[in-house]
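Engineer: model the structure of this input:
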Amino acid sequence: MDNGRLQKQTFGKVRTTIRAMEDFEKFLAGPEKVRQAREEGIHIMERTGSLECQIRDDGQLHCLKTRRIMSVFDDQGRFAPRNDEADEHLYEADVIFESVDQMADISVPGEELLERLEWNRGRLPVDVSGRTTEAGLWSAGDMVHGPDVVHAVADGHRVAQSIHVVLMKKRTTQ
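Structural biologist: Predicted coordinates for the structure are as follows:
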């Protein structure tokens, strides 16, 4: 949860939001981690599902479209999120990190971005740092290797380091 602290030191403010499908009673992060995140100025949205990233005409990221989640599982306990169609929001963003477990959800980036990406048999080819063919987009885990926790964890570390390097370079050029 040092992200908020690093942003505050670097930019003088914290603009990080964490979105989770679960409500706080079923939240996967423990209460201590949630408390620490809030102390760092990180906003946490419960019961919120991503719909798509919206791209401006110049090709830059504009915002993330979300809907409130009514339920995550169906009556048989299967993963089947149900959204509140009337509770749709747009969140402006410079960067979006979407972490999805269990299986790859390729609907989140939106059709326009998906069409611009190179694909190889349903997987996203990436370079050694996890960068895709689309500038500013990294991928890891299931999207790259299929369901394999060892690769997912290793990829997560490698991609996080690569993103950190890029953000630090941006900071020094601003």
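Engineer: so where is the protein shaky, pLDDT-wise?
Structural biologist: Residue ranges of the chain with pLDDT under 70: 1-7, 99-105, 149, 174.
Engineer: output the longest helix belonging to it.
Structural biologist: helix 149-173 (DSSP state H).
Engineer: now tell me what touches it from outside.
Structural biologist: 10-11, 97, 128-131, 138-142, 144-145 (Cβ atoms under 8 Å, 6 or more residues apart in numbering). No exception for glycine: its C-beta is placed from N, CA and C like everyone else's.
Engineer: what subset of those residues is buried?
Structural biologist: 130-131, 138-142, 144-145 (16 or more other Cβ atoms under 10 Å).
Engineer: quick one on the thing from earlier: now the two most distant members of the contacts of helix 149-173.
Structural biologist: F11 and H145 (33.7 Å; Cβ to Cβ).
Engineer: can you give me the strands in this structure?
Structural biologist: Taking DSSP state E, the strands of the chain run over residues 17-19, 43-45, 48-55, 61-73, 79-92.
Engineer: tabulate the buried ones among the contacts of helix 149-173 (CSV), appending distance to D74.
Structural biologist: Converted to CSV, those look like this (distance: Cβ to Cβ, whole Å):
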residue, distance to D74
G130, 33
R131, 37
W138, 32
S139, 29
A140, 29
G141, 25
D142, 22
V144, 29
H145, 29
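Engineer: show only the entries of these found in helices.
Structural biologist: Per DSSP H, the subset of the buried ones among the contacts of helix 149-173 in helices is 142, 144-145.
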